[in-house]
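Engineer: fold the following and give me the result.
(one chain, ligands or ions: 1)
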Amino acid sequence: MKIIQVTCAIILFDDKVLAVQRSKTMKLPLKWEFAGGKIEAGETEIDCIKREIFEELNINIQVNKRLTPVIHEYPDFKIELIPFITEYRSGELKLSEHSDFVIANKKELLNLDWAEADLPVLEEFLAL
Ligand SMILES: Nc1nc2c([nH]c(=O)n2[C@@H]2O[C@H](COP(=O)(O)OP(=O)(O)OP(=O)(O)O)[C@@H](O)[C@H]2O)c(=O)[nH]1
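Structural biologist: Modelled structure (predicted):
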């Protein structure tokens, strides 16, 4: 199965983190994830995550650290999820695709119903 490369951002707002909920009509409906998306041809990982965050959330971020990529096979597709720790810089947060968001502390993050590929990312982040 072809691997789709996807970047995602753990966006820090001081000591809290943004998580977004996929809409009913997206793949993995209503699951929580870190905002991000597919790497386009010729694009660097960093360009991709900054572009996706602006498209999906209307905000600008600073990228601070790359975490360990996760390869995950869902029943109908396979992704390499490439996570970055980032921080909010500017702009008014507006959702364009997702149905909801939270800016949550570590304990609150653990209570969300995450997309499976995100679980190792969350674990690595929480252990830092
Ligand atoms: N952005 C993002 N996608 C994730 C995460 N975890 C995870 O499994 N994915 C999956 O990675 C895939 C690519 O994300 P995307 O947001 O660019 O694509 P999509 O499926 O909404 O777009 P599509 O309509 O072109 O299929 C999605 O199928 C999504 O379910 C995550 O933390 N962030």
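Engineer: what helix or strand does L93 sit in?
Structural biologist: Under the criterion DSSP states H and E, no helix or strand holds L93.
Engineer: ok, it touching N60?
Structural biologist: No. Under the criterion of C-beta atoms under 8 Å, L93 makes no contact with N60, lying 10.8 Å away. From N, CA and C alone the C-beta is placed, and that goes for glycine too.
Engineer: now for L28, how many residues are close by?
Structural biologist: Neighbours of L28 under the rule other C-beta atoms under 10 Å: 15.
Engineer: how about the one 3 residues further on?
Structural biologist: By the other C-beta under 10 Å criterion, the neighbourhood of K31 contains 17 residues.
Engineer: surely it meets W114?
Structural biologist: Yes. Counting by C-beta under 8 Å, K31 does reach W114; the two are 6.5 Å apart.
Engineer: once you drop chain neighbours, what's closest to the spatially most central residue of the chain?
Structural biologist: Central residue of the chain (C-alpha atoms, centre = their mean): F34, 2.2 Å from the mean position. Spatial nearest neighbour of F34, excluding adjacent residues (C-beta to C-beta, 6 or more residues apart in numbering): C8 at 3.9 Å.
Engineer: measure the one you found to E116 for me?
Structural biologist: Distance of C8 to E116, given as C-beta to C-beta, to the nearest Å: 13 Å.
Engineer: when the two are compared, which one has more neighbours?
Structural biologist: Legend: neighbour count by other C-beta under 10 Å for C8 and E116, higher for C8 (26 against 12).
Engineer: need the contact list for that one.
Structural biologist: C8 is in contact with 33-36, 49, 81-84, 118, 121, counting by C-beta atoms under 8 Å, 6 or more residues apart in numbering.
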